[in-house]
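Q: need a 3D model of the sequence below.
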Amino acid sequence: MAKIFRDEVKIRDMRIAFARKGQGPELLLLHGGIVDNRMWNKQIEGLSDDFDVVAWDAPGHGGSSDPPEKDFSLYDYTKYLADFIEKIGLKNPHILGLSFGSGLALALYSYFPEIPKSLILASAYAGWAGSLPPEVVEERMKKSYEQSWLPPEKVFQAWLPTLFSDDVSEEVVEETKRLFYDFHPSGMRAVLNVFGRVDLRPVLPTIKVPVLLLYGEKDKRSPLEVGRKMLEKIPGAQMAVIPGAGHVCNLEAPEVFNREVRKFLREIT
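A: Just a heads-up that it's a prediction; the model follows:
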């Protein structure tokens, strides 16, 4: 079996790392906050028989450079993503984003609607401010900013209760811990400054490509009600729920996650 190809490209002043495997229709994976493209290993392996699967590290994550904490905008994140897509030769990829990655996918559609062939929004928000009550947003912002100054093990301990269902395996917990231990404090704060208070609800009714909303049944960070509200706003969108899974449903239930992704893409391709 071929190994996952890992490389990096230079885009202006920034190094962008990525993983790639497979041939076929293009599928670009956008990871959640704090972690990096390794969270997608089971999707890269599981979907690369049918797709050209690419998973990037957003600025401030994994092997990519840190952006400025305070002067890096929503458009900046999105432009680097669009330039990355062009740099590695993708033409019209399906875009799959989870959590923070789902917000980035919506931003990409907002600024560059010609790029995505479809959107798969997993554990998604229309931005925290677009999906959660104001008091919840402020509390998350406050706690997350404070946590960004803590040692990695403390950050992981703080986030773990909301990442998975109560029945998650120890293997998945350990895998996720390794990802958190490599987090970029500055990158975490940059994401919070942009995505913490962004409201992407105005984007939803403008979407004209096929959309799948994919949620874990027991998601504590982005509950099913968040997905149902987004479903009402996105024309023609579908929604699938993964039984028993929490927020990081691609790690907790990879076989079911991959099956739902493959089913959706086969239906629209």
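
Q: make it CA atoms for all contacts and neighbour counts henceforth
A: Will do.

Q: show me what stretch 146-160 is in contact with.
A: 177, 180, 181, 182, 183, 185, 186, 188, 189 (Cα atoms under 8 Å, 6 or more residues apart in numbering).

Q: can you give me the buried ones in it?
A: 147, 148, 152, 155, 156 (16 or more other Cα atoms under 10 Å).

Q: what about the nearest residue to residue 23 once chain neighbours are set aside, neighbour count?
A: Leaving aside its sequence neighbours, residue 23 sits nearest to residue 52 (Cα to Cα, 6 or more residues apart in numbering; 4.2 Å). By other Cα atoms under 10 Å, 19 other residues sit near residue 52.

Q: run through the bridge partners of residue 52.
A: Beta-bridge partners recorded for residue 52 (DSSP bridges): residue 26.

Q: one step back: now for the buried residues of stretch 146-160: which two are most distant?
A: Across the buried residues of stretch 146-160, the longest distance by Cα to Cα is 10.7 Å; it joins 148 and 156.

Q: state the number of residues packed around residue 268.
A: Neighbours of residue 268 (other Cα under 10 Å): 11.

Q: what's near enough to touch it?
A: Contacts of residue 268 (Cα under 8 Å, 6+ apart): residue 210.

Q: what's the distance between it and residue 118?
A: According to Cα to Cα, to the nearest Å, residue 268 stands 9 Å off from residue 118.

Q: now swap in residue 46 and tell me
A: 19 Å.

Q: before we move on, what about residue 250?
A: 18 Å.

Q: next step: the buried residues of stretch 146-160 restricted to strands.
A: The strands, defined by DSSP state E, take in nothing from the buried residues of stretch 146-160.

Q: select from those every entry located in helices.
A: Assigned to helices by DSSP state H, the following of the buried residues of stretch 146-160 qualify: 147, 152, 155, 156.

Q: just the closest of these to residue 15, please.
A: Closest to residue 15, out of all of these and judged by Cα to Cα, is residue 152, at 22.9 Å.

Q: next up, the contacts around the closest residue to residue 242 other than its chain neighbours.
A: The spatially closest residue to residue 242, leaving aside those adjacent along the chain, is residue 216, at 4.7 Å (Cα to Cα, 6+ apart). Residue 216 is in contact with 123, 224, 241, 242, 243, 244, 245, 246, 247, 248, 249, counting by Cα under 8 Å, 6+ apart.

Q: so what's residue 216 scoring on pLDDT?
A: With respect to pLDDT, residue 216 has a value of 98.

Q: again, but for residue 2
A: pLDDT recorded at residue 2 is 73.

Q: swap in the one 10 residues further on?
A: What the model reports as pLDDT for residue 12 is 94.

Q: report how many residues lie close to it.
A: Applying other Cα under 10 Å, we find 8 residues neighbouring residue 12.

Q: check the one 10 residues further on too.
A: Residue 22 is surrounded by 22 other residues when neighbours are defined as other Cα under 10 Å.

Q: now residue 20, nearest residue through space, not along the chain?
A: Counting by Cα to Cα, 6+ apart, the residue nearest residue 20 is residue 54, at 4.4 Å.

Q: surely that neighbour meets residue 24?
A: No. Applying Cα atoms under 8 Å as the test, residue 54 and residue 24 come out as separate, 11.5 Å apart.

Q: quick one, which of those two is more surrounded?
A: residue 54 (28 against 11).

Q: which residues touch the more buried one?
A: 18, 19, 20, 21, 26, 27, 28, 29, 44.

Q: list the contacts of stretch 229-244.
A: 126, 165, 204-208, 210-218, 227, 249, 253, 256-257, 260.
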